[in-house]
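Visitor: Need coordinates for the below:
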Amino acid sequence: MKLVQVVCLTGVGLSFAGCARQVSYQDPTRVETVTEEWGSSDIQTVADRMANSMVRLPEIANNSRPIVQVSTLKNKTTEHIDTKSITDKIRTALIKTGMVRFTAVSDAAAEIGENIDYQQGGAVNKATAKKSGKQVGADYLLYGEVDSIVKQAGRTTDVYYKLTLNLANVETGIIEWSDEKEIRKQAERPLLGY
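Guide: Take a look at the predicted model:
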């Protein structure tokens with residue numbers, strides 16, 4: 001009887017083990033085409049394109065190291081897209097060039113203000129405490145949007161994405177740079193199943 005129980009339990013254990021998900025690390029730069037939705041490859045492609053285009057702008061290429069503030073990228077698609085990931089990737093690529101500096105106002109204005117208040121509150125040595133009113137203003141504002149058009153016919157879904165970025169001079173309001181990246185993805189559902 002005990003042998004039968006052991007065999008049954010072993011069989012059940014092996015059947016559950018066969019159902020376990022297999023997880024492995026993959027190259028994060030490998031093209032990802034699991035679905036036609038916005039994905040990691042799209043973020044990487046867009047960031048590379050925009051950073052390479054922006055550093056050719058004479059105001060940046062002449063080594064003046066302008067200060068840029070990043071605005072929230074508008075998501076005008078029908079799907080959830082983490083637009084902060086897109087602007088973070090672009091900002092990181094531009095910082096790595098050493099040609100552009102960014103203000104943290106968009107990301108951490110409240111935290112910076114709280115830190116200055118804390119330092120001025122008496123808990124920090126006055127010789128090292130930072131003062132209010134010393135932040136540097138942005139020269140340019142980076143803003144834009146992601147749009148999409150989704151078409152479906154039968155089993156085929158076609159998705160067109162367009163990301164547009166603009167760099168506006170904060171003082172004059174003039175758009176000094178603009179670029180866009182287009183991406184098209186197509187998926188076909190199988191005859192049977194999902």
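Visitor: And the most centrally placed residue in the chain, its phi and psi?
Guide: Nearest to the mean C-alpha position of the chain, by CA atoms, centre = their mean, lies S85 at 1.7 Å. For S85, the backbone dihedrals (degrees, to the nearest 10) come out as phi -60, psi -40.
Visitor: what's the answer for the one 5 residues further on, then?
Guide: Taking degrees, to the nearest 10, you get phi -70, psi -50 for the backbone angles of I90.
Visitor: got a pLDDT number for it?
Guide: What the model reports for I90 is a pLDDT of 94.
Visitor: how far away is it from L192?
Guide: As judged by CB to CB, to the nearest Å, I90 and L192 stand 42 Å apart. Any C-beta I mention is one placed from the backbone N, CA and C, and that applies to glycine too.
Visitor: Between the two, tell me which one has more neighbours.
Guide: Using other CB atoms under 10 Å as the criterion, I90 and L192 rank with I90 on top: 24 against 5.
Visitor: Give the closest residue to that one in space, chain neighbours not counted.
Guide: The shortest distance from I90 to any residue other than its chain neighbours is 4.7 Å, reached at A47 (CB to CB, 6 or more residues apart in numbering).
Visitor: The one you found: how many residues sit nearby?
Guide: Using other CB under 10 Å, A47 has 22 other residues around it.
Visitor: quick one: contacts for it?
Guide: Contacts were defined as CB atoms under 8 Å, 6 or more residues apart in numbering; by that measure A47 touches I86, K89, I90, T92, A93.
Visitor: Dump these to CSV, plus secondary structure and distance to Q120.
Guide: Shown next, in CSV, are the contacts of A47 (DSSP: H, G, I helix; E, B strand; the rest coil; distance: CB to CB, whole Å):
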residue, secondary structure, distance to Q120
I86, helix, 36
K89, helix, 35
I90, helix, 34
T92, helix, 31
A93, helix, 35
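Visitor: my read is R91 is in a helix, agree?
Guide: Yes - when DSSP: H, G, I helix; E, B strand; the rest coil is applied, R91 is found to be in a helix.
Visitor: tell me, how many neighbours does it end up with?
Guide: 19.
Visitor: wait, doesn't it sit right on F102?
Guide: Yes - shown here, R91 and F102 form a contact pair, counting by CB atoms under 8 Å, at 5.6 Å.
Visitor: Look at V136 and give its secondary structure.
Guide: coil.
Visitor: Can you pull the residues that touch both of R91 and F102?
Guide: Both R91 and F102 are in contact with V70, where contact means CB under 8 Å, 6+ apart.
Visitor: Can you name every helix or strand that the helix or strand hosting E182 contacts?
Guide: Counting by DSSP states H and E, the element that carries E182 is strand 175-188. Counting contacts by 3 or more CB pairs under 8 Å, 6 or more residues apart in numbering; DSSP states H and E, strand 175-188 packs against helix 40-54, strand 156-169.
Visitor: Before I go, just wanted to say thanks for your time.
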